[in-house]
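Trainee: pasting a predicted model and its sequence here:
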Amino acid sequence: MSWRLWLPFLVFFAFLGLAAYQLTQPRDDVVKSAMIGEALPYFDLPPAVSEQPGVASADFSDGRPRLLNIWASWCLPCIAEAPQLEQLKEQGAEIVGIAIRDKPEDVARFLSQHGNPYARIGRDDLSEVQLGIGSSGVPETFVVDGSGRITYQHVGDIRPEQVPILLGELRKAER
Amino acid sequence: MIAELGLAALWLAAALAVLQLSCGALSVWSGADNEIAQLTRPAAILQGGLVGTAFGALLWVFGITDLSVKLVAMNSHTMKPLIFKLSGAWGNHEGSMLLWVTVMALAGALIAAVERRLPERTMQATLAAQGFVALGFYAFLLLSSNPFERLAQPAPEGLGLNPLLQDIGLALHPPTLYFGYVGLSVAFSFAVGALVTKQVTPAFARAMRPWILGAWTFLTLGIAAGSYWAYYELGWGGYWFWDPVENASLMPWLAATALLHSAGVLASRDALRVWTIMLGVVAFSMSMLGTFLVRSGILTSVHAFAVDPERGSFILFLLALYIGGALLLFALRAGSISEGERFSVASKEGALVVNNVMLSAILAVVLLGTLYPLLTEAFDIRVSVGPPYFNPVSAIFVFPMLAVMAVGPLLRWRRDNWGRISRELALTAALTIAAIGLLAVIFGMAVLPLLGLSFAFALGVASFLPLRGRKLTRVPLATWGMVIAHFGIAVSLFGMASESAFSEERLAALEEGQQTSVGPWQVRLDGVEPIAGPNWTALSGRLLAAYKGGEAVEIEPQSRNFWAPPQQTTESVLVTRWNGQLYAVMGGEGVDGRWQLRLWWKPFVTFIWYGGLLIALGGAFALVGRVRTDVKRRSAERRIAARRRDEEAML
């Protein structure tokens, strides 16, 4: 009996172990930003609506931590998270919005229907800033500290029970 | 009622698989000629009929859109055209697994009915193995994916079929692919049967060969159809993405191609015994592995099948049982199968061995690339393996294989000398070198397309060399099959190389009335209008496309919105000329009122699929040729036996 004849069996056995291990691992569908802990890249976005200013990376270096919300008027989960953003604003968070691939009139309609928690809103027509900070979809919310460094990323809509988590992250960013 | 009938038929078929397994195994255990052995073949045949009935029942409930059946309610809709209602039966997990066991049971029934060449003991072992494999899939269907499950409350309307799948390509692609996958299960069962009885003979290879040929032909068609479907339906302009799901169909094809050639050596020369058995096991293992990768969702793929880890575990268990079992049997038994005939390097066998090594190497390259992310993710590193790995690394083995393919068929069995075919060798080499030189000077193109075009050219000529000096009407069908299939490879390669070397792309934003150009085409946007179909509405662009200033053809690419289920798709339009295709995709409306258009000119791209069809045609020729020879040989043997009996009686 030759040991070589066992080779296919052993290779298959190794695959089997690997596949079984991977099957039991929780699937993680969240794409984590590689920019967490890094400074925001340079950008200067024009305003998404005429009444409010646009967003530039320079706005984030005044020592005050902020929430940076990536959203769009065409995004349904963004409607679902609107009340939570209001709540965050009422509890003292400053929220900066970036509207992804959007039109000014749609943005205005969305804000009049679902409320406007934003201090300023920039328009990112080609998702350049979105990709630059490592966001793969809408909505996503980043915590940016007073020196313009990203400290935390929240993927997906913000649920009511997640509001305290974000407030906690904001406080952490203050230190 | 019909659904319950289908379910009952499925349970009965599973029971018969148990009978087939136990009768086959018992008769192998106790020597084949007893009453128990008599039951094995009828069990397999009846099983085929029952599963056919179950599949018919599924087609029926989909045909009449019986919304009390959960699967229909989840995947169909009353407004769909009938052809897509029927093809919807296998456009989902449960239905496609039922199609799988149907094809498998029908194949099992066919061998039970017609295969009489092998020693009865090997045959019993083969049928037992076939029953054993089928049983696992019945269990999978009945326990975790029952296609006939009823809803407590019939649904008022179905959820619809994914619009990307409402296409004639889908109606044909999965069944052809499954005929291929499952045809290989027959080769697998033969291999296991031969391992059990240790009778690996030329007769065994001849019995197995038509099944490999049939499976291989269907696999070729299935891959070609799938690639063309992805090409025109997804609207991305590519025909092959090295996606795990595509690789899942390519790997069994590579293994089956190697098996086909090594079985040829075994049938003609009684050599490569153990290797052929190994490939028989590997080919079907690749089919099962593909099913596992696709259905478990363990790898990220652009093909969003309904994935479910629980089903993944079930298939992994089946994999462990069948592949693990067969490989264990191989490790224990193959050592005692005696080595076959010897041959010299310069011989047809020698060339076929090189071909087998190259094909196996390509298979290993694809397998490694496909599974690599699985390995690294275990260490929390995410990688994505794509064309930059697959293209150049597989090319290392593809080009030597093509060279052997051009030369190998000219060699004689057992022992030959290179001097005898020196003129043919020189011609092939000269053609290749001339083509490389010419193309490099004229176009200065990249290495892979350059080699591709040159080899395609040389192989295209060389594939006809085996016919030289022979009377064409006397050439056996199987040889014609080989010639056509090898020529098909050259044609397909030419299409791929030309597509990659000469394609032109244009992304344009046009106002109505404006025009743009791509390659030799002038394309004008005449207008955009909304139109409505049976279950969708669309924005349809009206384009006038003129080739080299000739008369314009009107084409209407669409951006479609389906409402059941809601989804947007692009309906690309292809204008096919003999020398290539214009490929047009309609995008959305830009902010400034201009319309986005994506245009490609792809010279000779259609040759990829013409080549695929030729390869399949070659397979079909060889299949018919082999079966005809077998039938003749058997009737001759019967006549000889009868004469001998007469002579003995006279004495």
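Mentor: Perfect, I can see it now. Everything numeric in this text was worked out from a predicted model, so none of it was measured. Residues are numbered from 1 along each chain as shown, chains lettered A, B, ... in the order given.
Trainee: give the contact list for the most centrally placed residue in chain A.
Mentor: For chain A, the residue nearest the mean C-alpha position is residue A:140 (2.6 Å; CA atoms, centre = their mean). Neighbour list for residue A:140: A:69, A:70, A:153, A:154, A:155, A:156 [criterion: CB atoms under 8 Å, 6 or more residues apart in numbering or on different chains]. Where you see a C-beta, it was placed from the backbone N, CA and C, and this is true even at glycine.
Trainee: flag every residue of the stretch 251-400 of chain B that's near chain A.
Mentor: When proximity is defined by CB under 8 Å from any CB of the partner chain, the stretch 251-400 of chain B lies next to chain A at B:278, B:281-282, B:285, B:292, B:296-298, B:309, B:312-313, B:316, B:319-320, B:323-324, B:327-328, B:330-332, B:334-335, B:371, B:374-375, B:377-378.
Trainee: okay, the contacts of residue A:140 in a markdown table with pLDDT and secondary structure next?
Mentor: Below are the contacts of residue A:140 laid out as a markdown table (pLDDT from 0 to 100; DSSP: H, G, I helix; E, B strand; the rest coil):
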| residue | pLDDT | secondary structure |
| --- | --- | --- |
| A:69 | 95 | strand |
| A:70 | 94 | strand |
| A:153 | 92 | strand |
| A:154 | 91 | strand |
| A:155 | 88 | strand |
| A:156 | 87 | coil |
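Trainee: one step back: quick one, phi/psi of the residue nearest to the centre of chain A?
Mentor: Here is the backbone geometry of residue A:140 (degrees, to the nearest 10): phi -140, psi 150.
Trainee: which SS class is residue B:133?
Mentor: Under DSSP: H, G, I helix; E, B strand; the rest coil, residue B:133 falls in the helix class.
Trainee: neighbours of it, how many?
Mentor: 27 (other CB atoms under 10 Å in any protein chain shown).
Trainee: that one against residue B:189, yeah?
Mentor: Yes: with contact defined as CB atoms under 8 Å, residue B:133 reaches residue B:189; the gap is 6.8 Å.
Trainee: all strands for chain B, in order.
Mentor: Remark: strands assigned in chain B by DSSP state E are B:504-510, B:515-518, B:521-532, B:536-547, B:552-555, B:558-563, B:566-571, B:573-577, B:580-589, B:595-603.
Trainee: could you dump the ones you listed to TSV with mean pLDDT, distance to residue B:195 and mean neighbour count?
Mentor: Shown next, in TSV, are those (pLDDT from 0 to 100; distance: least, CB to CB, whole Å; neighbours: other CB atoms under 10 Å in any protein chain shown):
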stretch	mean pLDDT	distance to residue B:195	mean neighbour count
strand B:504-510	87	52	16
strand B:515-518	90	57	18
strand B:521-532	88	58	16
strand B:536-547	86	53	19
strand B:552-555	89	57	14
strand B:558-563	78	50	19
strand B:566-571	73	48	16
strand B:573-577	89	48	16
strand B:580-589	85	48	21
strand B:595-603	89	47	21
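Trainee: reformat those strands as JSON lines; add distance to chain A.
Mentor: Below are the strands of chain B laid out as JSON lines (distance: least, CB to the nearest CB, whole Å):
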{"stretch": "strand B:504-510", "distance to chain A": "14"}
{"stretch": "strand B:515-518", "distance to chain A": "21"}
{"stretch": "strand B:521-532", "distance to chain A": "19"}
{"stretch": "strand B:536-547", "distance to chain A": "17"}
{"stretch": "strand B:552-555", "distance to chain A": "28"}
{"stretch": "strand B:558-563", "distance to chain A": "14"}
{"stretch": "strand B:566-571", "distance to chain A": "12"}
{"stretch": "strand B:573-577", "distance to chain A": "26"}
{"stretch": "strand B:580-589", "distance to chain A": "11"}
{"stretch": "strand B:595-603", "distance to chain A": "13"}
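Trainee: mind checking those strands for the one nearest to residue B:480?
Mentor: Shortest separation from residue B:480 across those is recorded for strand B:573-577, at 27.9 Å, computed as CB to CB.
Trainee: between that closest one and strand B:580-589, how many degrees?
Mentor: Orientation of strand B:573-577 against strand B:580-589 (axes from the mean of the first three to the mean of the last three CA atoms, to 10 degrees) gives an angle of 160 degrees.
Trainee: identify the residues contacting strand B:573-577?
Mentor: B:232, B:543, B:545, B:547, B:553, B:555-557, B:581-584, B:606.
Trainee: distance from that strand to the middle of the chain?
Mentor: 26 Å (CA atoms, centre = their mean, to the nearest Å).
Trainee: can you check stretch B:360-379 too?
Mentor: The answer for stretch B:360-379 is 20 Å, by CA atoms, centre = their mean.
Trainee: model confidence over it, on average?
Mentor: Averaged across stretch B:360-379, pLDDT comes to 91.
Trainee: run through who's touching it.
Mentor: With contact meaning CB under 8 Å, 6+ apart, stretch B:360-379 is reached by A:15, A:18-19, A:21-22, A:25, B:242, B:244, B:247-248, B:250-251, B:254-255, B:258, B:286, B:293, B:298-300, B:382-385, B:389-390, B:393-394, B:397-398, B:401.
Trainee: low-confidence ranges, the chain, go.
Mentor: Using chain A. By pLDDT under 70, the weakly predicted segments of chain A are A:1, A:27-30.
Trainee: try chain B instead
Mentor: Applying pLDDT under 70 to chain B flags the ranges B:31-33, B:161-166, B:169-170, B:235, B:300-309, B:563-566, B:590-591.
Trainee: list the contacts for the one residue sitting closest to the centre of it?
Mentor: Nearest residue to the geometric centre of chain B (CA atoms, centre = their mean): residue B:219, 2.1 Å. For residue B:219, the contacting residues are B:176, B:177, B:180, B:181, B:183, B:184, B:249, B:252, B:253, B:256, by CB under 8 Å, 6+ apart.
Trainee: highest neighbour count among those residues?
Mentor: Busiest of the contacts of residue B:219 [other CB under 10 Å] is residue B:256, holding 33 neighbours.
Trainee: ok, now which ones touch that one?
Mentor: By CB under 8 Å, 6+ apart, the residues touching residue B:256 are B:180, B:184, B:187, B:212, B:215, B:216, B:219, B:283.
Trainee: for residue A:94, grab the count of nearby residues.
Mentor: Using other CB under 10 Å, the number of residues around residue A:94 comes to 15.
Trainee: find the nearest non-adjacent residue to it, please.
Mentor: Of all residues not flanking residue A:94 in the chain, residue A:66 sits nearest, at 4.8 Å (CB to CB, 6 or more residues apart in numbering or on different chains).
Trainee: report the separation between the closest residue to chain A within the stretch 201-350 of chain B and residue B:340.
Mentor: Nearest residue of the stretch 201-350 of chain B to chain A (CB to the nearest CB) works out as residue B:327 at 4.0 Å. Going from residue B:327 to residue B:340 by CB to CB, to the nearest Å gives 21 Å.
Trainee: looking at the two, which is more packed in?
Mentor: Neighbour totals were compared for residue B:327 and residue B:340, and residue B:327 leads with 24 against 20 (other CB under 10 Å).
Trainee: what's near enough to touch that one?
Mentor: Contact analysis of residue B:327 by CB under 8 Å, 6+ apart lists A:8, A:9, A:12, B:281.
Trainee: which residues in chain A form helices?
Mentor: Along chain A, counting by DSSP state H, helices occupy A:7-24, A:76-90, A:104-114, A:128-132, A:163-174.
Trainee: which of those helices is buried the deepest?
Mentor: Of all the helices of chain A, helix A:76-90 carries the top mean neighbour count, a mean of 18, counting by mean count of other CB atoms under 10 Å in any protein chain shown.
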